[in-house]
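> Make a model of this:
(one chain, ligands or ions: 1)
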Amino acid sequence: MAIRDIVIKGEPILRKKCRPVENFDNRLWLLLDDMRDTLIDSNGVGLAAPQVGIMRRIVIIDTGEQYVEMINPEITFTDGEQTGLEGCLSIPGKYGIVTRPNHVKAKYQDRMGNWCEIDGTELTARAICHECDHLEGRLYIDVADRMLTDEELSRLERQEGDS
Ligand code: NI
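The predicted structure follows:
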């Protein structure tokens, strides 16, 4: 396992649509393990494969309460609304206010290729939306209500989890 370099905004790869995963093999498992190490190292909430330079539909989410690896995820249900702070490991030092659904369900394949479903609210719902957007080449700055000002950034006492 290893920590991979995180692709930073400005690289074209972050703006491309990712391809489905077809092979649930050793190479995928190594990537997932590396992504988890990378996420832990960066103290983030979620990470999508294009953020480590891989154009495949893979995301991982770690809310502190739950760790999930989602391959070929598809959001199947959204409900409600939440407005809150959001950041991204590929956009260091910035935060925005983003409105997302408060309740999200998604289907996805696990690392063995089995179809599963996740049903999440609040931070989990936000993270699912943020990470699935990465697979379409979308970043939170595209959908943010607004970005925090420098003054607001300097007032942020404690760094929220990035994804
Ligand atoms: Ni992100």
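
> Grab the nearest non-local neighbour of the most centrally placed residue in the chain.
By C-alpha atoms, centre = their mean, the chain has its centre lying nearest to Glu131, at 2.8 Å. Once flanking residues are discounted, Glu131 sits nearest to Val59: 3.7 Å by C-beta to C-beta, 6 or more residues apart in numbering. In short, each C-beta sits where N, CA and C put it, glycine included.

> Measure how buried the one you found is and give me the count.
Per other C-beta atoms under 10 Å, the neighbour tally for Val59 reads 29.

> Look up phi and psi at Val59.
Torsion angles at Val59 (phi, psi; degrees, to the nearest 10) stand at phi -140, psi 150.

> Who are the contact partners of it?
If a contact means C-beta atoms under 8 Å, 6 or more residues apart in numbering, then Val59 has Gly46, Leu47, Ala48, Ala49, Glu69, Met70, Pro73, Glu131, Cys132, His134, Leu135 as its contacts.

> ok, now Ile58?
Neighbour list for Ile58: Cys18, Val21, Leu28, Leu31, Leu32, Met35, Ala48, Ala49, Glu69, Met70, Ile71 [criterion: C-beta under 8 Å, 6+ apart].

> okay but the fifth one is in contact with Arg111, surely?
To tie it back to what came earlier, the one meant is Leu32. Yes - the pair Leu32 / Arg111 is scored as a contact, 5.8 Å apart, by C-beta atoms under 8 Å.

> Residues in contact with both of the two, list them for me.
Applying C-beta under 8 Å, 6+ apart, one finds that Leu32 and Arg111 are jointly contacted by Glu69.

> Quick check: buried residues in the longest strand belonging to the chain?
If you go by DSSP state E, the chain has its longest strand at strand 67-79. Across strand 67-79, burial judged by 16 or more other C-beta atoms under 10 Å covers Val68, Glu69, Met70, Ile71, Asn72, Pro73, Ile75, Thr78.

> which residues does the closest residue to Pro73 other than its chain neighbours bridge with?
Nearest residue to Pro73 in three dimensions, chain neighbours excluded: Tyr108, at 3.9 Å (C-beta to C-beta, 6+ apart). Using DSSP bridges, the beta-bridge partners of Tyr108 come out as Cys116.

> how about the host helix or strand of Ile97 as CSV, C-alpha atoms only?
Per DSSP states H and E: Ile97 is located in strand 96-100. What follows is strand 96-100, C-alpha atoms only, in CSV (Å, rounded to 0.1, in the frame of the first residue of the first chain):
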residue,chain,number,x,y,z
GLY,A,96,-17.4,27.0,-0.2
ILE,A,97,-21.0,26.9,0.9
VAL,A,98,-22.8,24.2,-1.0
THR,A,99,-26.4,23.1,-1.0
ARG,A,100,-26.9,19.3,-1.4
